[in-house]
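Undergrad: Just to be clear, the model below is a prediction. Sequence and coordinates:
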Amino acid sequence: MRHVPDSERRARLAIRHALVPASWARGPEDAARAVVALHATDAPSVHLAVWARTRDTTPADVDRALYEDRTLIKQLAMRRTLFAFPRDLLPAVMSSAAARVAATERARMIRDLERAGAATDGAAWLEKARADVEAALARSPSALSAAQLRKAVAHIDIAVPGRSGEQWSTPQILTLLGAQGSIVRGPCTGRFPTTRPLWTLPSRWLGGSVAAVEPSEGYRAIVQRWLRAFGPGTEEDIVWWLGATKKTVRTALAELGAVEVSLDGPARGWLLPDDLDRVPDPGPWTALLPPLDPTVMGWKGRGFYLGPHQEALFDTRGNAGTTAWAGGRIVGCWIQDADATVRVRLLEPVSDEERSSLDTQAARLTTWLAGVRSPTGYRSPAMRTTTP
């Protein structure tokens with residue numbers, strides 16, 4: 001059995017994820033493909049993830065890909081998380097991960113509507129909401145915000161208590177319709193580092209409906225891209241990342257002819273059958289990654305690059321803050337001070353060369369941000385407490 005030690009996993013991570021200069025991506029689209037898709041829940045992270053993987057890309061270049069060329073499409077999918085997907089992956093995503101999220105959310109909302117007495121038939125209520133929202137968007141000459149849709153469609157101006165005490169309202173209804181593919185996130189009235197998305201119809205934003213594929217085909221395509229970018233990974237890694245069942249993942253692995261490999265420790269991983277060659281060490285490298293970066297969030301088993309820093313770098317819900325990397329391992333985080341200067345905060349000692357390289361990365365990011373502060377709701381304990 002082919003053995004892939006942690007050192008090679010870190011080398012693969014560096015090269016496949018475009019984190020070393022020799023492997024930097026050519027633009028936002030290639031940066032997204034390098035990690036399957038970019039996390040987009042935290043709006044600035046899309047731009048910052050592209051910055052970390054390219055040489056001369058600007059925030060305007062990322063906006064172009066998202067809102068002008070539309071080569072990156074924001075879509076709710078795996079683990080009910082918003083991603084910016086390369087457009088060619090959208091059919092696979094919509095038929096599999098997004099459809100699974102939509103089905104789960106729809107069932108929950110039907111139960112809430114009927115339990116709260118807001119509807120005797122929750123399914124019919126949601127179907128009317130879909131039809132009314134689509135009609136409102138079809139009538140409007142431009143995309144609409146959630147507030148505008150709430151005014152245009154009185155039916156969805158509602159607050160429904162959930163089982164655990166929280167309430168959901170218009171935004172969650174639109175999120176469900178987006179997961180179903182009935183509507184899509186379109187133009188944005190804000191620019192980096194903020195976002196104020198508008199909703200529109202797929203026919204207007206994408207030029208037509210998303211092609212339908214079989215769910216098994218969609219899952220197979222996503223797992224294939226994950227293995228190319230993140231492999232080797234364990235079955236548990238893929239199940240967690242994909243937000244799917246073990247049966248779904250095992251079927252995809254079998255259809256792809258994935259090859260089982262041994263890893264350091266007792267776990268077994270998987271690689272694509274044409275990706276078994278050893279990957280050489282790319283040499284010294286450093287990187288500064290944003291909150292929820294795909295590289296940080298790509299595996300459930302993170303020991304080979306995270307070390308003992310889980311509690312310092314993740315919040316209680318499992319969301320990662322900023323991270324600083326040296327030689328394929330996370331060694332700290334980064335913050336912006338009061339004058340928007342990026343500073344590295346270390347959680348463990350590094351060599352003088354690595355510290356110098358991290359400081360160079362921080363200066364490069366400070367220049368790129370040009371005085372813009374990048375607000376985020378994902379601040380890890382290390383970002384709040386560690387001394388620079």
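TA: Received, thanks.
Undergrad: so what does the helix or strand of the chain with the lowest mean pLDDT touch, helix or strand wise?
TA: The weakest-scoring helix or strand in the chain, judged by mean pLDDT, DSSP states H and E, is helix 381-385 (a mean of 91). Contacts defined by 3 or more C-beta pairs under 8 Å, 6 or more residues apart in numbering; DSSP states H and E place helix 381-385 against helix 310-313, strand 329-336. (C-beta placed from N, C-alpha, C; glycine too.)
Undergrad: Sheet partners, orientation included, of the longest one?
TA: Looking back up the chat, that one is strand 329-336. Paired neighbours of strand 329-336 in the sheet (DSSP bridges): strand 323-326 (antiparallel), strand 342-346 (antiparallel).
Undergrad: Pick the most buried one from the ones you listed.
TA: Comparing the strands paired with strand 329-336 by mean neighbour count (mean count of other C-beta atoms under 10 Å), strand 323-326 comes out on top with a mean of 25.
Undergrad: pLDDT of that strand, averaged?
TA: What strand 323-326 shows for mean pLDDT is 98.
Undergrad: just stretch 167-184 next, same as before
TA: 96.
Undergrad: picking up where we left off before, Ala119 is nearest to which of the strands paired with strand 329-336?
TA: strand 323-326 (44.6 Å; C-beta to C-beta).
Undergrad: Show me the strands in this protein, by range?
TA: 3-4, 38-39, 72-76, 82-86, 160-161, 167-168, 184-188, 197-200, 259-263, 268-271, 286-289, 323-326, 329-336, 342-346 (DSSP state E).
Undergrad: how about the helices and strands packed on helix 381-385 in a markdown table, adding distance to Val296?
TA: Compiled in a markdown table, these are given as follows (distance: least, C-beta to C-beta, whole Å):
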| stretch | distance to Val296 |
| --- | --- |
| helix 310-313 | 8 |
| strand 329-336 | 7 |
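Undergrad: what's the nearest residue to Phe83 once chain neighbours are set aside in contact with, if anything?
TA: Residue nearest to Phe83 in three dimensions, not counting chain neighbours: Ala37, with 4.0 Å by C-beta to C-beta, 6 or more residues apart in numbering. Ala37 is in contact with Ala77, Phe83, Ala84, Phe85, Pro86, Leu89, Val93, Pro294, counting by C-beta atoms under 8 Å, 6 or more residues apart in numbering.
Undergrad: rewinding a little: to Val279, which of the strands of the chain lies closest?
TA: From the strands of the chain, taking C-beta to C-beta, the stretch that ends up closest is strand 3-4, at 8.8 Å.
Undergrad: one step back: nearest approach to Gly371 belongs to which of the strands paired with strand 329-336?
TA: Closest to Gly371 of the strands paired with strand 329-336, according to C-beta to C-beta: strand 342-346, at 11.5 Å.
Undergrad: which regions of the stretch 201-350 of the chain sit below the pLDDT cut-off?
TA: In the predicted model, the stretch 201-350 of the chain carries no residue with pLDDT under 70.
Undergrad: can you give me the helices in it?
TA: For the stretch 201-350 of the chain, helices defined by DSSP state H, counting those that start in this stretch occupy the ranges 202-205, 215-230, 235-242, 246-256, 294-297, 303-306, 310-313.
Undergrad: The stretch 51-200 of the chain too?
TA: In the stretch 51-200 of the chain, the helices defined using DSSP H, counting those that start in this stretch lie at 59-63, 90-95, 97-115, 122-139, 146-152, 170-180.
Undergrad: Identify the residues contacting the third one?
TA: Just to be clear, that refers to helix 97-115. 75-78, 80, 118-123, 125-126, 160-163, 168, 172-173, 175-176, 179-181, 215, 218-219, 222, 242-244.
Undergrad: make it 7 Å
TA: For helix 97-115, the surrounding residues in contact (C-beta atoms under 7 Å, 6 or more residues apart in numbering) are 75-78, 80, 119-120, 122-123, 125-126, 160-162, 176, 179-180, 215, 222, 242-244.
Undergrad: Tell me the buried residues within those.
TA: 75-78, 80, 119, 122, 125-126, 160, 176, 179-180, 215, 222, 242-244 (16 or more other C-beta atoms under 10 Å).
Undergrad: can I have stretch 44-59 written out in CSV, keeping just the CAs?
TA: Only the C-alpha atoms of stretch 44-59 are listed here, as CSV (Å, rounded to 0.1, in the frame of the first residue of the first chain):
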residue,chain,number,x,y,z
PRO,A,44,-13.8,39.5,2.6
SER,A,45,-12.5,36.0,2.7
VAL,A,46,-13.2,35.4,-1.0
HIS,A,47,-10.9,38.3,-1.9
LEU,A,48,-8.3,37.5,0.7
ALA,A,49,-8.1,33.8,-0.3
VAL,A,50,-7.5,34.9,-3.9
TRP,A,51,-4.8,37.4,-2.8
ALA,A,52,-3.0,34.6,-0.9
ARG,A,53,-2.9,32.4,-4.1
THR,A,54,-2.1,35.0,-6.8
ARG,A,55,0.6,37.5,-7.6
ASP,A,56,-1.0,40.7,-8.9
THR,A,57,-4.8,40.2,-8.4
THR,A,58,-6.7,43.2,-7.1
PRO,A,59,-10.1,43.3,-5.3
